[in-house]
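J.: heads up, no residue letters with this:
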């Protein structure tokens, strides 16, 4: 046969097929395609790793400061005359804390100044002292040193998150100023900056020759119209001091003959532009601080070495608080734990029972197909829809308490169920049929084969799916928001399945919404903690999956 | 039930003695997988305390027939069995009969060794435990030890009886499966190509074991190897395309087959 092929015209001889140029090109193309595929893969992995790196570095960068808190050590005499031994929580800790703090500033005596000084301390400082005394009643009568947190702006200032002074002028204002400067309009005389202006003293603006009542502001406006147009939204009056019109008026009053003429005049600049023209920068006090005096006191504390930044145990010990320096995650962690517990207790047995029945007992017909398709669809339903369902059914129809971890757990279990069912069915399918046959062969009944052999072997796979489902439930925000599981819980003492609660993701949501600067880093820190939990859960899932692979 | 009156044309095996020694009788057994018929009216009698080999080319229905004898085919949803199968004169399809009890009485050993991923002890103890055969822990241990001994495995695993059964070699695993089957004290042992996954030495051990076991049990073995059938069995049945072509005393069948197809198969023309 091969002879026939070799002899037929137009077809190259067999021997040359592998060595021909076309063949070499083919091989080169194949190598090229292999390389390209590898490069695409490497590229996408690189991209994914880079994005992950950006996410984590930005979280860590903004979140690490939340793991330390600026505190000032207060020497407090726990006066047994003030603190009742039997009920140590009831004393006036506010006064005690403040006087201990004021002791560092003996020169500050007026009540008004002291009120201002007290603002350096966190408003929760008194509770820190109270909790200390309640926890250590044996210290009553002693002089103790207790570290209490500073209030949020000073905490952030000490950690270098916010500056004491900020730029007074925005970028587009500085740009407008530079236009004036380049136009040679500005000059500095006697340590004061002026804008040179030609102002036409318009007859029309002087009503009935009364120079006293003339609209000089309008005349100044006219002169700066060009810049005014340029800046559009920016009022150039901002650049000129409010004394500018008065200066023009003074000149005209001195010489009423100027009406109808153009005068050249130096107009004073407003404060920030004056500073900018003279020194090249315009700074103002950060509006988060009320006065320069606050900062002086703060600097004095800093110089005396009274400030320190210990680790923020409050982040794990405390529940939520209005003061970011005292806000913690224990309430959110408790709420998430309770909701996940309910979710697990509901979805694990129901999920396994459903999967076991569908996989092992149900006959394959149109109904089971329909159920199967719908379970897979259920896994794809957006979580907010489950939240609405929970709101409509559990809260409105069944009248369960709102914001409760029980309802949160039920709603989350609706989301987790399909994941568990699908994972369990896959795990049951993966158990080799020989094990079932072995069981049947020695006379085990169907349920014995299931419970004694198939289910134990499928368990690692089932647990993997369950953990992944629970990890997803842990990170779910939308359904919990809809059933109100973002309550403000300042103490974990009364938390329960039916009491209002918040969860980790809803806590992050509410912190991210708070205006205090300290909540920005608290939010990032909370996200890091949430991610840490998710990573731990996924690591357990990977470990279990690894074990199931080694089994047979 | 006119089958009962039909005379057995059973030639005697080495240890078989008479017609009343017949353990399994099947009459007009047909098996359908959905629309497809896999077995056609099989009539076969299996003698007690002897080895009956089922041979034939792949897909001829010999395993299907074997699986009918302990109603293992019940576990396949689309499988349907018609005809009568009697074990000890009792119809196994009788609705009164408990299929679990039947499978206890009819043990099975599979093609691929399939010990449970549990300890050796647990593997053997599982059957007696679920059937409640042991009254005490000592009883159970006795059953396990004697079953392992009967399967010729005891000396090899005595010191590691609580280690996983999956850690044994292939041949040992298969003998463990045999021990597991005989632990529930069956009357009939079905073996579905028990040596096909084993090396020749392990195969030889299993064959010796089968030879020993036949003094106490009725054994039906499916095999692809005609040499094996010739070595271990007293009677042989040849299946082809779902039809029982010929059955008889092994020695006779291999030397003097009655049917052309049997002759072609055992001389290696097909299969």
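T.: Looks like it arrived, so ask away. If you're wondering where the values come from, they're calculated on a predicted model, not measured in any experiment. Numbers count the residues shown, from 1 in each chain, chains lettered A, B, ... in the order given.

J.: quick one: contacts of stretch A:250-257?
T.: A:201, A:211-212, A:214, A:216, A:258-259, A:263, A:265 (C-beta atoms under 8 Å, 6 or more residues apart in numbering or on different chains). For every residue, glycine as well, the C-beta is placed using N, CA and C.

J.: buried subset of the residues you listed?
T.: Neighbour counting with 16 or more other C-beta atoms under 10 Å in any protein chain shown marks A:201, A:211, A:214, A:216, A:258, A:265 as buried within the contacts of stretch A:250-257.

J.: what's the first one in contact with, if anything?
T.: Pointing back at residue A:201 there. Per C-beta under 8 Å, 6+ apart, neighbours of residue A:201: A:214, A:219, A:248, A:252, A:258-263.

J.: so where do the helices sit in chain B?
T.: B:62-68, B:99-105, B:120-131, B:137-150, B:154-157, B:170-183, B:200-213, B:226-232, B:250-255, B:260-266 (DSSP state H).

J.: one step back: which ones among the contacts of stretch A:250-257 lie within strands?
T.: A:263, A:265 (DSSP state E).

J.: with pLDDT added, can I get the contacts of residue A:201 in CSV?
T.: Formatted as CSV, the contacts of residue A:201 follow (pLDDT from 0 to 100):
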residue, pLDDT
A:214, 80
A:219, 81
A:248, 84
A:252, 83
A:258, 80
A:259, 81
A:260, 81
A:261, 83
A:262, 84
A:263, 84
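
J.: skipping its backbone neighbours, what lies nearest residue A:17 in space?
T.: Computed as C-beta to C-beta, 6 or more residues apart in numbering or on different chains, the closest residue to residue A:17 that is not its neighbour in sequence is residue A:23, at 6.4 Å.

J.: in three-state terms, label that neighbour for me.
T.: Look at residue A:23: counting by DSSP: H, G, I helix; E, B strand; the rest coil, its state is helix.

J.: ok, residue A:412 - how many residues close by?
T.: Other residues within reach of residue A:412, judged by other C-beta atoms under 10 Å in any protein chain shown, total 33.

J.: shouldn't it be within a helix?
T.: Yes - the assignment for residue A:412 is a helix, going by three-state DSSP.

J.: that one and residue A:339 touch, don't they?
T.: Yes - taking contacts as C-beta atoms under 8 Å, residue A:412 lies within contact range of residue A:339: 6.0 Å.

J.: now do the shared contacts for those two.
T.: Common neighbours of residue A:412 and residue A:339, using C-beta under 8 Å, 6+ apart, are A:473, A:480.

J.: what residues does chain B have near chain A?
T.: By the rule C-beta under 8 Å from any C-beta of the partner chain, the part of chain B lying against chain A is B:70, B:72, B:75, B:77, B:100-105, B:107-110, B:112, B:114-117, B:126-127, B:130-131, B:166, B:177, B:180-181, B:183-184.

J.: repeat the analysis, applying 6 Å as the threshold.
T.: Residues of chain B found near chain A (C-beta under 6 Å from any C-beta of the partner chain) are B:100, B:103-104, B:108, B:110, B:112, B:114, B:127, B:130, B:180, B:184.

J.: what is the nearest of the residues you listed to residue A:288?
T.: Minimum distance to residue A:288 across the residues of chain B next to chain A is 72.5 Å, recorded for residue B:114 (C-beta to C-beta).
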